[in-house]
Every structure is written in C-alpha cells, then in structure tokens.
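Asker: Quick one: sequence plus predicted model below, questions after.
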Amino acid sequence: MDKILTAIGGTGLVIFIYWFFFGKKDESVGVTYSQVKIEVSGGYKPSVVKIKKGEPVKFIFTRTDESSCLEEVIFPDFKIKKYLPLNEKVEIEISPSKAGEYEFHCGMNMFHGKVIVEK
Amino acid sequence: MIKKSFPVVGMHCASCAKLIERCVSKVPGVISCSVNYASETASIETEENVKESDIQKAVEGAGYKALFSQNGNSDLKLEDIKQIELKSLKVKVIVSSILSTLLVIGSFPEWFGIRVSDLVLLFLATPVQFWAGREFYLATWSGLKNRTASMDTLISIGTTAAYGYSVFSMMGIVEGMYFDTASVIITLILLGKYLEAKAKLHTSDAIKKLIGLQAKTARVIRNNREMDIPIENVIVGDLIKVRPGEKIPVDGLIVGGQSSIDESMVTGESMPVDKIVGSNVIGATLNKQGSFIYKATKVGKETMLSRIIEVVKEAQSTKAPIQRMADLVSSYFVPIVLMIAVITFTVWYLLGSPFMGFVSLVTVLIIACPCAMGLATPTAIMVGTGKGAQHGILIKDAASLETLHKVKIMVFDKTGTLTTGRPTVTDVILDSKSNYLQIIASLESNSEHPLAQAIVEYAKEKKIKLLKVGSFKAISGQGVTGVINGKEYFFGKFDQKTNETKKLENEGKTVMALKSGGKVLGIIAVSDVLKENAKEVIESLSKKGITTWMITGDNQRTAMAIARQVGIKNVMAEVMPEDKANKVSALSHMPHGKQHTAFIGDGVNDAPALASADVGIAMGTGSDVAIESSGVTLLNKDIRSVLTAINLSRITMRVIKQNLFWAFGYNVVLIPVATLGLLNPMLAAFAMAASSISVVLNSLRLNKARV
C-alpha cells in the first residue's frame, strides 16, 4: 500500500515540478515611459519588457536577492555587463534601433529576461 | 550656454553648499550655480568661454574640491564591495567549519570515542543550517516566487532533507542521524563559493592592470606657472610638461622638445618610439629620455587607454557561439535534476530500500552543479580578452575571438600591412666620386612627392648638405627641374629601358634618373619595403595550414614583386578600394564550401573589407573607425601580432572546450552514479565545490600562457 502511495506521490511531484517551472508564462510589461524598474529577486520582475523602436529606455535594476547567481546582469546584444550591488539601484540605458527580441541574463546565464522592441 | 554638473567633495553640512554656490557664482561668466549637499554634486550654467579650471579654483578657494570628468574609478569601488562580501563569506566559512568538525567528531563515537546526546548535535547543526545557509534559503524562496530554480534551490532542499530527517529521527519517527551531512555540505559549498569568488576576482586582473597604468597627476602649465594637479582635472588644451622617466598623463600633441617614448604597455610595440614636435603621444606611456611639453587633446574617457578598457569590458559582456549549448542546458538543468531526485527516491522506495533512496536523493541534489557550466565560457573569455589587451590586441567580441582560430584564409592588404607603407631608397647607381646624390636631394627637397621625401630622408641619413636650387619647377607626372651652380638638371621618370632598369622594375621598384643636357648622370630606385618579420609570419601561417592572399590597388608588377619577396602565391592586384570587400567575401564563399576568412588591413581605408570578412583585423591603429569595423584591432605595427592573436584565440578556445568538457562530463558521469546510491553526500558536496573552482582556475591558466 505504502509503495503505491509513494509511486503516486512521486509521479505527482514530478508532474508538479514540470508544471511549476516549465509551465509558467512570462510576466510582461509594456513601457511607454522612458524608464522601467526591474526587481532582481529569484529572477527578473518583470522579465519581459516591451518597448518602442528608437526610443531610449532606462532600466533601473535593484537586486534584493543575496544569491551571487544574480550579481551580474548582461545585455549581450548591447555589450553591457553590470555588477548589481545588493539593494542598490543600477541604471542601464539602451536604445535599440532595430525591432526584435533582445535577451538579457545573469552572469552565468541561468536567469533570463527579454526586451521586445516593437516597430 | 553650457550646463554642467560635477561632484564636489569635502562638504560637511548644508551651509557648505551655500558657500560654494556663492563663490562659484562670483566667477565671471557663471549664470547660475546650485549645489546639492546630499548628492555632493554641483550643477552650473555658464557661458561658453568659462573654463573648468576657473570653477575649480573658486571651489578650492571656498575650501572644497571639485572633480571634473571623473573616470575609471567606479570599477575600483565595485572591487571594494566585492571584497566586503568576500569577508562576510569568510566568517561564515570559518564558523561553520568549526561547528561541522565538532559535529563529525560527535557523530562517530566509534571513531573518536566521544559520545554526545542528540540535542548537542542539534545545537551544533542549527546555526550552520539556518545562519550560514541562510542565503541558500533566501535565494530559493525568491526563486520559487518567480517559478525559477538555481543551484541554491538544490542545496537548500538537499540539506533541509538531511536536517529534517535527523529531527524526525530524534522524535523517534525514523532511524539515523544526518546532522553532520547537512552541515558538512553547507560548509564545503560555502568554502567552494569563497574560493571561486576569490579566483574570479583575478579574471579581471588585466583590466585592473590597464586602469593602474594611468598616471595619478599631471604637471600642467597654466598662466605661466607649473603645477601638479590630479589627472582628472586636466582639460583639453592644457599644456603639460613631461620629464625623463615620467608617465605621460593624457593623450596629446607635442609642441616643444623631443623624446623617445616606451609605448609597449598600451600598444605592445616593443621598441621605444621617437617623437618630435607635432607627434602624438599616448597617455599612460613612459617617457624614456628628453623633456617635452605637449598639449592635451584627449582627456578622461576619450583617451586611448580609456577606450581600450571600454572595448575590453564590452567584449567581456558578449557571448561566444560555443556557449549556446551550455546556455540551453543550464536553463533547464535545475528543474530536471529535481525531477531526477524525486524519481530516484521513488524507485529506491519501490525496490524496498527507502533508506538508500533518501541518501541518493540528497546526493543527486548536491552533486548536480550548473555553476561549472555557467562559468566555463565567460571566465575564459574574460581572461583571454584581457590578456590580448596587454599585448596590444583589442578583441571586439567573443565571437571574433572564437572565429579567429577557425580561419583558413588570410587576406593581407599590401601597403602599410605587409610593407612599411613608406617608400625607401633601395638602389643608388651613381658615380661615387660625383656630388650627384647631393644634387638629387637638393632638387627633391623642394618637392612634396612621397618618393621625393624618401630620397631626402636617405640624404639626411648620409649627412649630405643641401645646395641652393634656382628656378625650381615640378612637372606633373614627370619629375622636377632646377638650376644648381649655374647648371640645369632634371630628375624624374626614366623611360629608357636598359637591362638594369628592367630588372629593377621587375622587382617592383620605381626607377628615376638624373639628367643634364640630355645626358643620363645616374639612377636611383625607390620602393616600398617589406616590414620586418613579414616573411616569417607568412611562413608560419602556411605551416598552420592557412592560405594567404595579397590584395592591392597597385599594378600587377609591383604586387607580384612584393608577393614574391614575402612568399605569398595568391595575388589580387589592381583592385579598387570599393571592390576589396566583394573580393574578400567571395573568397570565404568558394564553391567547395564555407571557409573562414580574415582580412588584415590598416583600418581606416579598408573599413568595408574589414567588415565583410569573417574576422577583420585592423593593424597599427586605435582609431574608432578601425575598432568599429574590425573584430580585432592590433594597436602596434608589428605584423607578428597577427600570429599572437591567432595563438590567443587557439589557447582560449582550448581552455573553453576543456571547461565545457569537464563541466558536462562531471554531471553526465556523477548524476547517474549518485542515483545508484554509490556516492556519499559529503563527497558529492566536495566534488561539486571542486568542479566550479577547477573551471575558474583553468581559465586563469590563460594568464600565464605564452602567446
């Protein structure tokens, strides 16, 4: 009996883990102003930012998570790498001239965010 | 009207701000001034002709200090923050090491002969679990809120399982004690993080060294007075005096005196460079002998050194194509490991060994290490690009560094790349007793033609005095005429073909003759000469299996002559500058498949060709155009830097491949071993910490590698 329960519990847990981590939808915000605040805590909040082409946007990152995994943020397409000191505001300004999706991520590329540039 | 803001230091209350405002407002031309005490900055509006130095003086007169155009130092501040974080990590490592040691002693009475109650073990394990391990919990919690997971998630779940199991065991629900396991795992992983962070600090050593090259002060001459001021306060147009043995503070132009300057620290050029009035000097280089005065032309972030630092930092933020695989794996890694851990426990339980299942679950969670995968490429790129900068090799992005080692075809521009680009006298066929050389040099000294300059230079080396030339005339495309000591001479194009001149022309030389009264008096041949070491470089490239090409706008004959001398078999001559780009991209798309092609040119005229190659290599320049259009910029004119750049790419890629192999191999081998229950959880923690450290240390090895 306990074996059956464990088997059911184990399978359920695996399905739950799959759903929990892979089934989530990215939170996205559209920005009409020239700046957006991003909280860095267990990931990027918001993790998807929509902006308009040709308008410079200032990202203000604040890391509140002690994990060293998140201590750097990188925008590879814009050649920007910034160290994020704990609880301090760090400003990053980009002004994409082409529409498209630009990824940003942590120093070891495990946490991801996206900038969607619309025409 | 100009608006400006700058930091002010030395204020200790709000009335200081008022005082500064008053003093600065009194400076002629200042329209308004407001000083913010809290942010320690002043904002001013001035008329265009107001000098920063006047403002500075006013602030200093009030007893404070204005800092104009701060630069570079923000990196050093970050360094301080990192050092503080390291220190707190160190305290945690030391305390939890002591507690863990006591726990291990207490947990194995059969080895150490000390029997303690379970309560003592709980008392020792709890601070390690929740104080030293606090950051793992915090990170896990914020990750879960975001539905993401990281290494911290694995560690906190793994150790909590061990700790919780032991607490249940104390209540008599289950059998066995794992307090020691949980504590040792946390201690080892913190120790690993500490060592890894310490090692990682060294990956940016090259940039720190470059920043450290800067001089701290400059001796400027203002209002006929010499004074030493901090380098941040130097402004464009300042006259700066440099004495022998001193560092040159900022970029500029010599206006008085001459010297020999060691530029190796910035350009990698090993020989000191002679400089005279009108020569450019680079900040952070070393004045060997001779004093001179120069005018500052670039300061702060505009200097060559600051640009170099900027390019290196930018390159370090880009991604190498090879990293893509690791990225894909690491973003799915942690959830998959969590699932594997659950499956492992379930299967062991079903096989009738819940106890083995539990140990294996903890081991799987601890052994899986996405860190090493995440560190493999970026750390090597950081060290590699920094190492390049120290040799005067600026790499624009990680992709260029990676492509460079795959290059199979190298296309060299001729003039200025393979050759010195300066015509030089190669053959003098004159009656040695005559003064014909003196006559030729005197005639040519009136001409501005580049070939004429070569002859004048040659005469200067021979210490020949110039004669007075009367009724000088330059005949375009032909040569020059003039009267010396009452006799008329012509020097220029020689159209009679003799065996001798044919031979010279076949060697790609320009032949000129001195004539008087229709009689040929002598011949001089001038040509562009190969750079030192050019031949050796071409040879070693073919030894590496790289096909070399030469491309030039020059005529076929000259091109062939240079190609023969340097040992290049493939020549494209008479190519118009705008066609170079097409020719280069055609080479890389040959019918038998894609071949990675590099183009090596001088950067300014060749920008389109540099951009069209898979890797553009600009030589002997640090100009923005060159850096923008090429993947690699060689700051010196030494053609051997091409080989250095290729070697750097090869060894960096080798290190990256080793790192990736190690990081992946480690997980591929050890996760299955852990699921089978063949690994002790504490050993797993050790292996995990070791894997990240070994990857960082392997990348640091690049610092010591010879390129």
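Answerer: Yes, it's here.
Asker: give me the low-pLDDT residue ranges for the stretch 601-707 of chain B?
Answerer: Low-confidence segments of the stretch 601-707 of chain B (pLDDT under 70): B:603-604, B:621-623.
Asker: Strands of that one, residue ranges please.
Answerer: B:615-619, B:632-634 (DSSP state E, counting those that start in this stretch).
Asker: do the same with chain A
Answerer: Secondary structure of chain A (DSSP state E): strands located at A:28-30, A:35-40, A:44-45, A:48-52, A:57-63, A:72-75, A:80-83, A:89-94, A:100-106, A:112-118.
Asker: Turn those into TSV, including distance to residue B:88.
Answerer: For the C-beta atoms, the positions are set from N, CA and C on the backbone; glycine is no exception. Shown next, in TSV, are these (distance: least, Cβ to Cβ, whole Å):
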stretch	distance to residue B:88
strand A:28-30	34
strand A:35-40	19
strand A:44-45	25
strand A:48-52	33
strand A:57-63	16
strand A:72-75	19
strand A:80-83	17
strand A:89-94	21
strand A:100-106	21
strand A:112-118	28
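Asker: and chain A, which of the strands of the stretch 601-707 of chain B is closest to it?
Answerer: Nearest to chain A among the strands of the stretch 601-707 of chain B is strand B:632-634 (15.1 Å), distances taken as Cβ to the nearest Cβ.
Asker: Tell me how many other residues surround residue 110.
Answerer: Unless you meant another one, I'm taking chain A. By other Cβ atoms under 10 Å in any protein chain shown, the residues close to residue A:110 number 23.
Asker: oops, I was thinking of chain B
Answerer: Residues near residue B:110, counting by other Cβ under 10 Å: 7.
Asker: quick one: least confident helix or strand in chain A?
Answerer: Averaged element by element with mean pLDDT, DSSP states H and E, chain A has its least confident helix or strand at strand A:28-30 (a mean of 68).
Asker: before we move on, back to that, dump the strands of chain A to TSV, plus mean neighbour count and distance to chain B.
Answerer: Output for those, formatted as TSV (neighbours: other Cβ atoms under 10 Å in any protein chain shown; distance: least, Cβ to the nearest Cβ, whole Å):
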stretch	mean neighbour count	distance to chain B
strand A:28-30	13	14
strand A:35-40	17	9
strand A:44-45	22	7
strand A:48-52	19	13
strand A:57-63	19	10
strand A:72-75	21	5
strand A:80-83	18	3
strand A:89-94	14	10
strand A:100-106	18	8
strand A:112-118	18	7
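Asker: among the ones you listed, which gets the worst mean confidence?
Answerer: Lowest mean pLDDT of those: strand A:28-30, a mean of 68.
Asker: For the residue sitting furthest away from the middle of chain A, list the residues it contacts.
Answerer: Here the centre of chain A is the reference, and by Cα atoms, centre = their mean the most remote residue is residue A:1, at 43.8 Å. Shown in contact with residue A:1 (Cβ atoms under 8 Å, 6 or more residues apart in numbering or on different chains): no residues.
Asker: and if you look at residue B:145?
Answerer: Taking Cβ under 8 Å, 6+ apart, one finds A:41-42 in contact with residue B:145.
Asker: cool, residue B:23 as well?
Answerer: Per Cβ under 8 Å, 6+ apart, neighbours of residue B:23: B:58-59, B:61-62.
Asker: got a markdown table for those residues, with secondary structure, neighbour count and pLDDT too?
Answerer: Shown next, in a markdown table, are the contacts of residue B:23 (DSSP: H, G, I helix; E, B strand; the rest coil; neighbours: other Cβ atoms under 10 Å in any protein chain shown; pLDDT from 0 to 100):
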| residue | secondary structure | neighbour count | pLDDT |
| --- | --- | --- | --- |
| B:58 | helix | 20 | 85 |
| B:59 | helix | 25 | 85 |
| B:61 | helix | 13 | 78 |
| B:62 | coil | 19 | 76 |
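Asker: pLDDT of stretch B:533-543, averaged?
Answerer: 93.
Asker: I misspoke; the intended subject was stretch B:291-300.
Answerer: pLDDT averaged over stretch B:291-300 gives 92.
Asker: Give me the contacts around it.
Answerer: Stretch B:291-300 is contacted by residues B:69-71, B:221, B:232, B:234-244, B:248-259, B:275, B:280-281, B:283, B:304, B:306 when judged by Cβ under 8 Å, 6+ apart.
Asker: okay, that stretch in CSV with CA atoms only?
Answerer: C-alpha atoms of stretch B:291-300 as CSV (Å, rounded to 0.1, in the frame of the first residue of the first chain):
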residue,chain,number,x,y,z
SER,B,291,61.8,66.5,-21.7
PHE,B,292,58.9,67.9,-23.7
ILE,B,293,55.8,70.0,-23.5
TYR,B,294,52.6,68.8,-25.1
LYS,B,295,49.1,70.0,-25.5
ALA,B,296,46.3,67.7,-24.1
THR,B,297,44.0,66.7,-26.9
LYS,B,298,42.0,63.9,-25.2
VAL,B,299,41.2,63.6,-21.5
GLY,B,300,39.0,61.4,-19.3
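Asker: Tell me the buried residues in that stretch?
Answerer: B:292-294, B:296-300 (16 or more other Cβ atoms under 10 Å in any protein chain shown).
Asker: contacting residues for the closest residue to chain A within the stretch 351-500 of chain B?
Answerer: For the stretch 351-500 of chain B, the residue closest to chain A is residue B:374, as judged by Cβ to the nearest Cβ, at 2.7 Å. Neighbouring residues of residue B:374 by Cβ under 8 Å, 6+ apart: A:107-110, B:326, B:330.
Asker: For it, which non-adjacent residue is closest in space?
Answerer: residue A:108 (2.7 Å; Cβ to Cβ, 6 or more residues apart in numbering or on different chains).
Asker: contacting residues around that neighbour?
Answerer: Residue A:108 neighbours (Cβ under 8 Å, 6+ apart): A:69, B:330, B:370-371, B:373-375, B:378.
Asker: And for residue B:48?
Answerer: With Cβ under 8 Å, 6+ apart, residue B:48 has these contacts: B:1-2.
Asker: so it sits in a strand?
Answerer: No - using DSSP: H, G, I helix; E, B strand; the rest coil, the secondary structure at residue B:48 is coil, not a strand.
Asker: so what's it scoring on pLDDT?
Answerer: 79.
Asker: low-scoring stretches of chain B, by residue?
Answerer: B:10-15, B:37-39, B:69-78, B:603-604, B:621-623.
Asker: OK, now which residue of the stretch 551-700 of chain B is nearest to chain A?
Answerer: For the stretch 551-700 of chain B, Cβ to the nearest Cβ, closest residue to chain A: residue B:692, 9.8 Å.
Asker: rewinding a little: filter the contacts of stretch B:291-300 down to the buried ones, PyMOL style.
Answerer: In PyMOL, a selection of the buried entries from these looks like this (16+ other Cβ under 10 Å):
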select buried, chain B and resi 69+71+232+234+235+236+238+239+240+241+242+248+249+250+251+252+254+259+275+281+283+304+306
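Asker: Going by distance to residue B:649, which of the contacts of residue B:374 wins?
Answerer: Using Cβ to Cβ, the shortest approach to residue B:649 within these belongs to residue B:326, at 18.9 Å.
Asker: Name the SS class of the closest one, please.
Answerer: Assignment for residue B:326 (three-state DSSP): helix.
Asker: How about the one helix or strand residue B:524 maps to, which residues are buried there?
Answerer: Here residue B:524 sits within strand B:519-530, counting by DSSP states H and E. Buried positions in strand B:519-530, judged by neighbour count with 16+ other Cβ under 10 Å: B:521-530.
Asker: Report the contact partners of residue 92.
Answerer: Since you didn't name a chain, this refers to chain A. Listed by Cβ under 8 Å, 6+ apart, the contact partners of residue A:92 are A:58-59, A:61, A:73, A:75, A:80, A:82.
Asker: hmm, I had chain B in mind actually
Answerer: For residue B:92, the contact set (Cβ under 8 Å, 6+ apart) comprises B:131-132, B:190.
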